[in-house]
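Chemist: below is the sequence, then the predicted model.
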Amino acid sequence: MEFPVTSDVNNFDYSVNVLKRLQGVSFAHLNIRSVVRKFDDVRLLLECSNLDFLALAETFLNGSITDAELHIPGYCLFCSDRTEASGKNGGGGLLIYASEKYSSTLLYSHCSPHLEAVWLDIQLTKARAIRLCAFYRAPDCNVSNSLAELESHFSELSIT
């Protein structure tokens, strides 16, 4: 299901509600291009839509902003800032806001020249758990290398 690109929170909320009815848990992914500049919009989106999980790519975070500065009540924050290991300057970065109504644990965080990824283990109920991955591949990265690296993550994390 695709979400419409819109600044109208009511339209976005409607799309999320449709997803909730279909799946039981709501997820969204946005390429935010600087979470600091758009933090008020992100907070409003989470407050109005009741999303369970929101993944943000291209957060442009690099360690100079603390998790406390990005905290939104009712959500746990899991992020992977762009590091020198990526061999890139600026841009990149991933962040996942996970609703506190679920038990979420950071499984793995990764930043390389080909791929950035954040993996969470999420306990939805006592009997139901999922693994969530948000990943980002910069447009100038080799697609084959990025896919090979992602496949390696799946193998290492025993996901089949």
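Modeler: Okay, I see it. Residues are numbered from 1 along each chain as shown.

Chemist: contacting residues for residue 133?
Modeler: The neighbourhood of residue 133, defined by CB atoms under 8 Å, 6 or more residues apart in numbering, consists of 117-120, 153. (C-beta placed from N, C-alpha, C; glycine too.)

Chemist: could the residues you listed be laid out in TSV, adding distance to residue 97?
Modeler: Converted to TSV, the contacts of residue 133 look like this (distance: CB to CB, whole Å):
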residue	distance to residue 97
117	16
118	11
119	15
120	11
153	21
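
Chemist: what is the nearest of those residues to residue 64?
Modeler: residue 118 (18.7 Å; CB to CB).

Chemist: tell me the contacts of the closest one?
Modeler: 55, 78-80, 94-96, 106, 108-110, 133-135.

Chemist: before we move on, the earlier item: any of the contacts of residue 133 buried? List them.
Modeler: 117-120, 153 (16 or more other CB atoms under 10 Å).

Chemist: the protein: strands as residue ranges?
Modeler: 27-31, 53-57, 75-80, 94-99, 103-111, 116-125, 128-136 (DSSP state E).

Chemist: let me have those strands in TSV, extended by mean pLDDT and distance to residue 39.
Modeler: Listed next are the strands of the chain as TSV, based on pLDDT from 0 to 100; distance: least, CB to CB, whole Å:
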stretch	mean pLDDT	distance to residue 39
strand 27-31	92	13
strand 53-57	95	10
strand 75-80	95	12
strand 94-99	96	11
strand 103-111	93	21
strand 116-125	92	18
strand 128-136	90	18
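
Chemist: CSV for those strands, including distance to residue 147?
Modeler: Shown next, in CSV, are the strands of the chain (distance: least, CB to CB, whole Å):
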stretch, distance to residue 147
strand 27-31, 18
strand 53-57, 17
strand 75-80, 19
strand 94-99, 17
strand 103-111, 14
strand 116-125, 12
strand 128-136, 10
